[in-house]
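Novice: A predicted structure for the sequence below; I have some questions about it.
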Amino acid sequence: MLAKGKRIRMFGYTSTSLDKDAALKFAWQNQHSGHHKVLFHIKWDRIISYYYLNAGAYDHEKEVLLVDGVYLWVESVEEVLDTNGKKLHTLITLKKDW
């Protein structure tokens, strides 16, 4: 379980997006198994350890590819609800570990 203050490592190249709506389109859920959508908000302030893929067939996705083995700190974990209180997704905020 991810909790505030926990350090995690992203194994493999990790595909992300600067566009929240594009990212949510890739979020997965399954009502039968109880899995729900998770959105990661990654705070990144360096010019290294990633590739911005702004050319090609999918440049509208504003894809950012994080390099293999990136360490991140969990800043927060919160449930995002609609106006009726129904869970839309879990928002996990991460910060780059320097």
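Specialist: Sure thing, it's come through.
Novice: pLDDT on stretch 66-82, on average?
Specialist: The average pLDDT within stretch 66-82 is 94.
Novice: for the lengthiest strand in the chain, which positions count as buried?
Specialist: Criterion DSSP state E: the longest strand present in the chain is strand 70-81. Neighbour counts over strand 70-81 (16 or more other Cβ atoms under 10 Å) mark 70, 72-74, 77 as buried. The C-beta positions use only the backbone N, C-alpha and C, and glycine is treated the same way.
Novice: again with stretch 2-20
Specialist: Neighbour counts over stretch 2-20 (16+ other Cβ under 10 Å) mark 10, 14, 16-17 as buried.
Novice: same check, this time on stretch 21-33
Specialist: Buried-residue list, stretch 21-33, by 16+ other Cβ under 10 Å: A23.
Novice: how long is that stretch from one end to the other?
Specialist: 24 Å (Cα to Cα, to the nearest Å).
Novice: Determine how far it lies from the middle of the whole chain.
Specialist: 12 Å (Cα atoms, centre = their mean, to the nearest Å).
Novice: which residues are in contact with that stretch?
Specialist: Here stretch 21-33 makes contact (Cβ atoms under 8 Å, 6 or more residues apart in numbering) with 16-17, 35-39, 60-62, 89.
Novice: try 6 Å
Specialist: Residues from elsewhere that reach stretch 21-33, judged by Cβ atoms under 6 Å, 6 or more residues apart in numbering: 17, 35-37, 61.
Novice: Could you give me the ChimeraX syntax to select whichever of those residues are buried?
Specialist: Here is the ChimeraX command that picks out the buried ones among these, judged by 16+ other Cβ under 10 Å:
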select :17,37,61
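Novice: tell me which of the contacts of stretch 21-33 is nearest to N54?
Specialist: Closest approach between those and N54, by Cβ to Cβ: E61, at 9.7 Å.
Novice: For G85, see how far away the closest one is.
Specialist: As for E61, its distance to G85 is 31 Å (criterion: Cβ to Cβ, to the nearest Å).
Novice: next one: V70
Specialist: V70 is 35 Å from G85, by Cβ to Cβ.
Novice: same question, W73
Specialist: 30 Å.
Novice: One more: N30?
Specialist: Distance, N30 to G85, by Cβ to Cβ: 21 Å.
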